[in-house]
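Q: Below is the structure, and that's it, no one-letter string:
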């Protein structure tokens, strides 16, 4: 809450992370709703979630490729180390392709994952463990499959036409002002998106054809603070 209030008062853009349309809309409405009391208008702050994408000639092909990409990104060892951040225990003896540990997390202060930034995301490890066990049971997920399920950021998966339509729907539904794309391959991972999705967004009239100025502020359509209407 403190961060959202700070952003509403001072930020030009927020780099956020939401995995569903509903979560994005709730965050968008909350933050944008705080702007007026700081004398700002909705257009003075952009909300730009991170998003991955996987393209295919068909939606089915893209889904298959996305599944393979995520399995390559989350190795068995990576899955176990991620689980240790919640369980606060050495889980190296567990099979990443097996079920979750029956033992509960150790809520002690001295975490074996000390120094890992993501530990701060799990302030109630017992509650997280209960939630993950329910999810794993409902979907019959192994440790590795569960980590893949719970760590993925917003992803646009499908044919170029499907991805363009979905992104536009998010923006038109006030779930975001745009997206910061995180390709799974670098440095050339953005090329297919630029070649196939961007032209479709331009046809819809929702993406620029040319830059309007020399600065990032110009590219994002933000006015200079001293020129913003009050």
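A: Happy to help now that I have it. It should be emphasised that the depicted structure is a prediction, and the values quoted were computed from it without experimental measurement.
Q: Next secondary structure element downstream of the longest strand along the chain?
A: Determined from DSSP state E, the single longest strand within the chain is strand 46-55. Remark: after strand 46-55, the chain's next helix or strand is helix 59-73, criterion DSSP states H and E.
Q: Only the buried residues of that following helix, if you could.
A: 62, 66, 69, 70 (16 or more other Cβ atoms under 10 Å). No exception for glycine: its C-beta is placed from N, CA and C like everyone else's.
Q: so which of the residues you listed would you say is closest to residue 192?
A: residue 62 (10.9 Å; Cβ to Cβ).
Q: Would you pull up how far the helix or strand that contains residue 78 lies from the middle of the chain?
A: Using DSSP H and E, residue 78 sits within helix 76-87. Its chain's C-alpha centre lies 20 Å from the corresponding centre of helix 76-87 when counted by Cα atoms, centre = their mean, to the nearest Å.
Q: Which strands and helices lie in contact with that helix?
A: helix 125-139, helix 143-151 (3 or more Cβ pairs under 8 Å, 6 or more residues apart in numbering; DSSP states H and E).
Q: With distance to residue 20, mean pLDDT and mean neighbour count as added columns, please give these in CSV.
A: As requested, the helices and strands packed on helix 76-87 are exported to CSV (distance: least, Cβ to Cβ, whole Å; pLDDT from 0 to 100; neighbours: other Cβ atoms under 10 Å):
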stretch, distance to residue 20, mean pLDDT, mean neighbour count
helix 125-139, 15, 94, 14
helix 143-151, 13, 91, 19
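Q: mind checking which of those is nearest residue 165?
A: When these are ranked by proximity to residue 165 (Cβ to Cβ), helix 143-151 comes first, at 24.6 Å.
Q: ok, and what's touching that closest one?
A: 70-71, 74, 76, 78-80, 82-83, 94-100, 132, 135-136, 139, 141 (Cβ atoms under 8 Å, 6 or more residues apart in numbering).
Q: how close does residue 224 sit to residue 44?
A: Using Cβ to Cβ, to the nearest Å, residue 224 is found at 11 Å from residue 44.
Q: again with residue 60
A: Residue 60 is 42 Å from residue 44, by Cβ to Cβ.
Q: Then residue 153?
A: 26 Å.
Q: Could you check which of these two is surrounded by more residues?
A: Here residue 153 and residue 44 are set side by side on neighbour count (other Cβ atoms under 10 Å), and the busier one is residue 44, at 19 against 12.
Q: Quick check, that one in contact with residue 222.
A: Yes. Between residue 44 and residue 222 there is a contact at 7.1 Å, judged by Cβ atoms under 8 Å.
Q: Common neighbours of the two, please.
A: In contact with both residue 44 and residue 222: residue 12, using Cβ under 8 Å, 6+ apart.
Q: per-domain residue ranges of the protein.
A: 1-48, 64-151 (the TED database).
Q: Quick one: end-to-end length of the last one, please.
A: Which is domain 64-151. The straight-line separation of the ends of domain 64-151 (Cα to Cα, to the nearest Å) is 18 Å.
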